[in-house]
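1. Using only what follows, build the 3D model:
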Amino acid sequence: MVTRYFEHPIFKEHVTPPGHPERVDRLRALEEALTADAFATLDRVEAPRADESAVLLAHPESFLEKVKAQIPEEGLARIDADTVAGPKSMEAALHGIGAAMAAVDGVFDRSFDNAFVAARPPGHHAEKETAMGFCLFNTAAIAARHAQRTHGAERVAIVDWDVHHGNGTQDIFWNDASVLYCSTHQMPLYPGTGAKGETGAHGTICNAPLSPGDAGEAFREAFKSRVLNAIDAFRPDLIVISAGFDAHHRDPLANLNLVEDDFDWATGRLIEAAGRHADNRLVSVLEGGYDLQGLAASAGTHIQRLMWG
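-> Okay, here's the model as predicted:
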């Protein structure tokens, strides 16, 4: 399969304070992993920049203006206790959004089979009107809306296996029957949302919380019984993955015990689901993952599976 990998130097210019887990070294570790021979045929391109108006696909204009006003000319600005912005953060976010939109365009026009967007800052905690949890704008949500508005997708599924629940994506699509949001995550854990009973106004929110200490067996069972069943019932025209790798056993911010093979397995199941329902259309967007070794190994395994099918 042809997998397009979106990258850009601007993603390393989103600066965070020393000791912050969402740091530029995350991308450096992934880039080092991609020097292996297995990635020689990976189709790597620079991420295009989205126009600011693309943010409005998932967020109101008042929120866009608020974030823009918080971007400092120098130094760092605190958006909340965990979320910071520097002079280049807005540009990094717009290139991440542009990459996700270009990935959607490519899988719909058959330029490539699937795509991975190696962008930062991440996005899945960004609610409709709130930036939080290291996130400014919700890239996966914008990608889903772009598929609907530009390519006529009637139904889009977003699958989020980041260890932290994607409260932002859930908030944006709570009242929307055309987008299925499925999440596996540790609970209790930040941000405190994601209970099984949170199903959305139309039953298109599917949460599969895991307990601290759970490992691959529990993850795979939740994925099979809840996420994959929901996808098969929904029959999406596109699958978007919010691909966080902080459920890895090495990660310092949580207590799940997944290994690289679990991410490989889940990727394979979603490739199969995309084949059944979405003409193989699948786009993956980097979210969390804060142990450099765990991130590089897990994301590398995920990208290899996208390449091999």
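
2. Quick check: which element contains Gly194?
-> Following DSSP states H and E, one finds Gly194 outside all helices and strands.

3. The closest residue to it other than its chain neighbours: how many residues sit nearby?
-> Once flanking residues are discounted, Gly194 sits nearest to His165: 3.2 Å by C-beta to C-beta, 6 or more residues apart in numbering. No exception for glycine: its C-beta is placed from N, CA and C like everyone else's. Residues lying near His165 (other C-beta atoms under 10 Å) number 27.

4. What helices and strands are in contact with the longest strand that the chain contains?
-> Ordering each strand of the chain by length in residues (DSSP state E) puts strand 179-186 first. Here strand 179-186 touches strand 156-160, helix 167-173, strand 205-210, helix 229-234, going by 3 or more C-beta pairs under 8 Å, 6 or more residues apart in numbering; DSSP states H and E.

5. Run the angle between that strand and strand 205-210 for me.
-> Going by axes from the mean of the first three to the mean of the last three C-alpha atoms, to 10 degrees, strand 179-186 is angled at 10 degrees with respect to strand 205-210.

6. how far does strand 179-186 sit from the chain's center?
-> Computed by C-alpha atoms, centre = their mean, to the nearest Å, the chain-centroid distance of strand 179-186 equals 11 Å.

7. Rounded mean pLDDT for that strand, please.
-> Averaged across strand 179-186, pLDDT comes to 98.

8. all helices of this structure, in order?
-> With DSSP state H as the criterion, the chain has helices at 25-33, 61-70, 89-109, 139-151, 167-173, 216-222, 229-234, 260-277, 292-308.

9. With only the CA atoms kept, save the longest one in PDB.
-> Okay, so that is helix 89-109. Extracted C-alpha coordinates of helix 89-109, given in PDB (Å, rounded to 0.1, in the frame of the first residue of the first chain):
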ATOM      1  CA  SER A  89       2.600  27.700  17.500                       C
ATOM      2  CA  MET A  90      -0.200  29.100  15.300                       C
ATOM      3  CA  GLU A  91       1.800  28.300  12.200                       C
ATOM      4  CA  ALA A  92       2.600  24.800  13.400                       C
ATOM      5  CA  ALA A  93      -1.100  24.200  14.100                       C
ATOM      6  CA  LEU A  94      -2.100  25.500  10.700                       C
ATOM      7  CA  HIS A  95       0.400  23.200   9.000                       C
ATOM      8  CA  GLY A  96      -0.900  20.300  11.000                       C
ATOM      9  CA  ILE A  97      -4.500  21.100   9.900                       C
ATOM     10  CA  GLY A  98      -3.300  21.500   6.300                       C
ATOM     11  CA  ALA A  99      -1.600  18.100   6.400                       C
ATOM     12  CA  ALA A 100      -4.700  16.400   7.700                       C
ATOM     13  CA  MET A 101      -6.800  18.100   5.100                       C
ATOM     14  CA  ALA A 102      -4.400  17.100   2.300                       C
ATOM     15  CA  ALA A 103      -4.400  13.600   3.700                       C
ATOM     16  CA  VAL A 104      -8.100  13.500   3.400                       C
ATOM     17  CA  ASP A 105      -7.900  14.900  -0.200                       C
ATOM     18  CA  GLY A 106      -5.400  12.200  -1.200                       C
ATOM     19  CA  VAL A 107      -7.300   9.200   0.100                       C
ATOM     20  CA  PHE A 108     -10.400  10.400  -1.700                       C
ATOM     21  CA  ASP A 109      -8.700  11.100  -5.000                       C
END
